[in-house]
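K.L.:
A predicted structure for the sequence below; I have some questions about it.
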Amino acid sequence: DTAVSQTPKYLVTQMGNDKSIKCEQNLGHDTMYWYKQDSKKFLKIMFSYNNKELIINETVPNRFSPKSPDKAHLNLHINSLELGDSAVYFCASSQGSPTNVKTQYFGPGTRLLVL
Amino acid sequence: QKEVEQNSGPLSVPEGAIASLNCTYSDRGSQSFFWYRQYSGKSPELIMFIYSNGDKEDGRFTAQLNKASQYVSLLIRDSQPSDSATYLCAVNPNYGGSQGNLIFGKGTKLSVKP
């Protein structure tokens, strides 16, 4: 049973194209996240959704838009892809607790290459 | 700007030795701290979390937290070649609507030599 899954695993596309990455979690968590890991392996949060509401929106270009059809899914849509968008994108999910410890579980990643 | 600092390494230790990984953070109000392990080409996986000062042990792993010094560490006893990976320190800053917004360090690459 895959807890957090992402599709596709690999994505190669041309500059200027529009693409989407899908994420699903079957853990019953109420918060989902998108991270970008660049070529230097630095992991940085892009968005998070809690109960279908955007609660964090870091300073990412508005070409990136998260879409959550329901609590178990958080998709990432990217318009007008640029070379600098090439990276690994990780989806994650978490469930809150009384002590506010939010353990995040990561999906396998989507490796995006923009040519 | 909230920051989490780690030595990028590589940290090389012989098999069976203790590996010590360190992390400092800038936000004094941070409440919870996480260590993730990431093998090359794989996603991060949680090893431990800690939110109280002192030590927390889980098998061969011990997390140590010193909030006064804004310092968190991970000790790996009896290091094995399979422990060779990048270890990411992550901090949950305790402010506003960003609860759960983990800030990651750049990771320390550990190499355990047989």
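P.N.:
Done, it's in.

K.L.:
going forward, measure contacts between C-alpha atoms and count neighbours the same way
P.N.:
OK.

K.L.:
ok, now which ones touch residue 84?
P.N.:
No chain in the question, so chain A it is. Taking CA atoms under 8 Å, 6 or more residues apart in numbering or on different chains, we find residue A:84 in contact with residue A:114.

K.L.:
switch to chain B, that's the one I care about
P.N.:
B:39, B:109, B:110, B:111, B:112.

K.L.:
So among those, which ones count as buried?
P.N.:
Buried by 16 or more other CA atoms under 10 Å in any protein chain shown: B:109, B:110, B:111, B:112, out of the contacts of residue B:84.

K.L.:
List just the nearest of those to chain A.
P.N.:
Using CA to the nearest CA, residue B:109 comes nearest to chain A of the buried ones among the contacts of residue B:84, at 10.7 Å.

K.L.:
any idea which element that closest one lies in?
P.N.:
Element membership of residue B:109 [criterion: DSSP states H and E] is strand B:108-113.

K.L.:
Give me the contact status of that strand with chain A.
P.N.:
No - using CA under 8 Å from any CA of the partner chain, strand B:108-113 never reaches chain A; the gap is at least 10.5 Å.

K.L.:
Show me what that strand is packed up against.
P.N.:
Using 3 or more CA pairs under 8 Å, 6 or more residues apart in numbering or on different chains; DSSP states H and E, the elements in contact with strand B:108-113 are strand B:11-14, strand B:85-92.

K.L.:
Just name the most buried of those strands.
P.N.:
Among those, the stretch with the highest mean neighbour count (mean count of other CA atoms under 10 Å in any protein chain shown) is strand B:85-92, at a mean of 26.

K.L.:
Just the residues contacting whichever helix or strand comes after that strand, thanks.
P.N.:
Using DSSP H and E, the helix or strand that directly follows strand B:85-92 along the chain is strand B:103-104. In this structure, residues lying in contact with strand B:103-104 by CA under 8 Å, 6+ apart are A:42-45, B:2-4, B:88-93.

K.L.:
Tabulate the helices and strands packed on strand B:108-113 (JSON lines), appending distance to residue B:46 and mean pLDDT.
P.N.:
Output for the helices and strands packed on strand B:108-113, formatted as JSON lines (distance: least, CA to CA, whole Å; pLDDT from 0 to 100):
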{"stretch": "strand B:11-14", "distance to residue B:46": "20", "mean pLDDT": "96"}
{"stretch": "strand B:85-92", "distance to residue B:46": "9", "mean pLDDT": "93"}
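
K.L.:
can you tell me which of those comes nearest to residue A:80?
P.N.:
Closest approach to residue A:80 among those is made by strand B:85-92 (31.3 Å; CA to CA).

K.L.:
Could you list the paired strands of that closest one along with their orientation?
P.N.:
strand B:32-38 (antiparallel), strand B:103-104 (antiparallel), strand B:108-113 (antiparallel) (DSSP bridges).

K.L.:
Redo the ones you listed as a markdown table? Include mean pLDDT.
P.N.:
A markdown table is the format used below for those (pLDDT from 0 to 100):
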| stretch | mean pLDDT |
| --- | --- |
| strand B:32-38 | 92 |
| strand B:103-104 | 88 |
| strand B:108-113 | 96 |
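
K.L.:
Low-confidence regions, chain B specifically.
P.N.:
B:1, B:94-100 (pLDDT under 70).

K.L.:
switch the cut-off to 80
P.N.:
B:1-2, B:93-101 (pLDDT under 80).
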